[in-house]
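J.: Fold the following for me, if possible:
(chains A and B)
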Amino acid sequence: EAGVAQSPRYKIIEKRQSVAFWCNPISGHATLYWYQQILGQGPKLLIQFQNNGVVDDSQLPKDRFSAERLKGVDSTLKIQPAKLEDSAVYLCASRSPSGRAYEQFFGPGTRLTVL
Amino acid sequence: DAKTTQPPSMDCAEGRAANLPCNHSTISGNEYVYWYRQIHSQGPQYIIHGLKNNETTEMASLIITEDRKSSTLILPHATLRDTAVYYCIVRRGYGGATNKLIFGTGTLLAVQP
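T.: Predicted coordinates for the structure are as follows:
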């Protein structure tokens, strides 16, 4: 079974530029999550999708971050414009509705450096 | 969800048991204890969970105290590949639309050769 795919793996941009990250969850996984992990901290949930609908985006900085999952499969997270404090690893995870509800499968992440 | 406290780092000799403690003194009756780990440059991975009984899998054992205020994750024979950050998370049940995991800073386990 293929895992959660993310791209790019690394991205370096200057502040005020825009950036987008892509995630393809495990096939059949209806629930998709985006997390932000700042160096030395645990992952923090940014947004959760159920199919193509948003379930929880309470921690998403909506003035600069946006995310979509138009067809209920892959998803894109965008930052516009980026700030220095956005430097972090952005993790995507997915969960099967029929599997163990607590078991989220994580991708390898995208490491973003904002200069 | 209840707050957890873990030591920031621990060392363990290869082949020995690694015992990772977690304090969750404010845990509620319907809250489970979950453990995840994150190997360097990878996403977190589920290990084990429990409510009040001790649990064992091929990878690890989870010991929960009788008052449920603390727990210990045991890796019986640690290898170098077990070097990772281990997260203890307490949250309600299985279901609910917002199946949210709230990660703390975890314990960095360094397995020494």
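J.: List the contacts of stretch B:42-49.
T.: Defining contact as C-beta atoms under 8 Å, 6 or more residues apart in numbering or on different chains, one finds that stretch B:42-49 is touched by A:4, A:43, A:91, A:93, A:100, A:102-109, B:32-39, B:55, B:57, B:59-62, B:73, B:86-87, B:103. Where C-beta positions appear, they are placed from N, C-alpha and C, glycine not excepted.
J.: list the buried ones in it?
T.: Residues of stretch B:42-49 classed as buried: B:43-49 (neighbour count, 16 or more other C-beta atoms under 10 Å in any protein chain shown).
J.: nearest spatial neighbour of B:Ala13, skipping sequence neighbours?
T.: The shortest distance from B:Ala13 to any non-neighbouring residue, by C-beta to C-beta, 6 or more residues apart in numbering or on different chains, is to B:Gln112 (5.5 Å).
J.: got a list of what the one you found touches?
T.: B:11-14.
J.: Show me the beta-bridge partners of residue 32.
T.: All of this refers to chain A. For A:Leu32, the beta-bridge partners are A:Phe49, A:Ser94 (DSSP bridges).
J.: Oops, wrong one, chain B.
T.: Beta-bridge partners, per DSSP bridges, of B:Tyr32: B:Arg91.
J.: was I right about it contacting B:Gly50?
T.: Yes. B:Tyr32 lies in contact with B:Gly50 (C-beta atoms under 8 Å); the separation is 6.7 Å.
J.: All the strands of chain A, residue numbers only.
T.: Along chain A, counting by DSSP state E, strands occupy A:5-7, A:10-13, A:19-24, A:31-37, A:44-50, A:53-56, A:65-68, A:75-79, A:88-95, A:105-106, A:110-114.
J.: try chain B
T.: B:9-13, B:18-23, B:31-38, B:45-50, B:55-56, B:61-64, B:70-75, B:84-92, B:107-112.
J.: what residues does the third one touch?
T.: Outside of strand B:31-38, the residues within contact range by C-beta under 8 Å, 6+ apart are A:102, B:1-2, B:20, B:22, B:24, B:27, B:44-51, B:60, B:62, B:64, B:68, B:71, B:73, B:82, B:84-94, B:101, B:103, B:106.
J.: Could I get the pLDDT score of the closest residue to A:Phe106 other than its chain neighbours?
T.: Leaving aside its sequence neighbours, A:Phe106 sits nearest to B:Gly43 (C-beta to C-beta, 6+ apart; 2.5 Å). B:Gly43 is assigned a predicted lDDT (pLDDT) of 93.
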